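In: Sequence first, predicted coordinates after that:
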Amino acid sequence: MSLKKSHNLFGVLLAGGKGERMGQRPKALLPIGDDTFMSRIIGSIRESGLSDIVVVLGYHENEIRPEVPSGIEIAVNPKPELDMLSSLLVGLGCAEDHHTGALIAMTDYPLVKPDTFRSIIEEHIKHPDCIISPSCEGRAGHPVIFPKTLFGELATAPNDVGARHVVRANPDLRRFVIVDDPGITFDINTPEIYEKYIGPFYGG
């Protein structure tokens, strides 16, 4: 069941990384069941009831762009070699006046359950000015919701620390949602980790 539309969040999926450790195929296009990492994550976000979604591309843009599902906005980081924060800021630049926050997802975490997206959105509805993360078995994970009130701080964060700088600077605004979802901590960024959590890896 989709979450009733009672928020003004938009989703940002960061898919601009080089992903060299995963082989030649872009990480966003790696298979997971009948999906790709990208399509699985977008499907989970949509299932949670969030429909405004932007995918930030960088490296492998020409390969990934044709595979972006219909109805999804595309933004391009012109300098993806800088850092992840640069792609995040490109995504946040797509915010419109009615948006009150952004749910930040990464292609490295395709195993996050739709219920987890739904749970942190529900928490955002209750606490719209907070930074919200899921937590499973005492470990925080992804995705993370940032309120629009902190977009300015994100824009001035040190490049070498990125969004973590804003999280650390605002401990009173942190809220965790306990979920039954180990996938929030499974960073699928090497063939070995892919094989551990998904299945045989065929070289990318």
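Out: Everything's here; your move. Numbering: from 1, shown residues only.

In: So the most centrally placed residue in the chain versus Asn8, what's the distance?
Out: Nearest residue to the geometric centre of the chain (CA atoms, centre = their mean): Ala105, 0.5 Å. Using CB to CB, to the nearest Å, we find Ala105 at a distance of 17 Å from Asn8. Where C-beta positions appear, they are placed from N, C-alpha and C, glycine not excepted.

In: Which helix or strand contains the nearest residue to Val76 once chain neighbours are set aside?
Out: Of all residues not flanking Val76 in the chain, Leu57 sits nearest, at 5.1 Å (CB to CB, 6 or more residues apart in numbering). In this assignment (DSSP states H and E), Leu57 forms part of strand 53-57.

In: Do me a favour and average the pLDDT over the longest helix anywhere in the chain.
Out: Secondary structure of the chain per DSSP state H: the longest helix is helix 114-126. On average, the pLDDT along helix 114-126 is 96.

In: next one: that helix to chain centre, how far?
Out: 14 Å (CA atoms, centre = their mean, to the nearest Å).

In: again, but for stretch 187-201
Out: For stretch 187-201, the distance to the chain centre is 19 Å (CA atoms, centre = their mean).

In: still on that earlier bit, quick one: strands adjacent to the strand holding Leu57?
Out: Strand 53-57 sits in its sheet next to strand 9-15 (parallel), strand 73-76 (parallel), going by DSSP bridges.

In: mind listing the helices in the protein by residue range?
Out: With helices called from DSSP H, the chain shows them at 37-47, 61-64, 84-92, 114-126, 151-155, 163-169, 191-197.

In: who does the fifth one touch, helix- and strand-wise?
Out: It stands for helix 151-155. helix 84-92, helix 163-169 (3 or more CB pairs under 8 Å, 6 or more residues apart in numbering; DSSP states H and E).

In: Show the low-confidence segments of this structure, by residue range.
Out: Judged by pLDDT under 70, the chain has its weakly predicted residues at 1-6, 203-204.

In: how about a cut-off of 80?
Out: Within the chain, the segments meeting pLDDT under 80 span 1-7, 19-20, 23-24, 202-204.

In: ok, back up a step: which parts of the longest helix of the chain are buried?
Out: Buried residues in helix 114-126, counting neighbours by 16 or more other CB atoms under 10 Å, are found at 114, 116-124.

In: One more: stretch 22-33?
Out: So, applying 16+ other CB under 10 Å, buried residues of stretch 22-33: 22-23, 25-32.

In: quick one, what contacts Met38?
Out: Taking CB atoms under 8 Å, 6 or more residues apart in numbering, we find Met38 in contact with 13, 15, 28-29, 55, 64, 67-68, 107.
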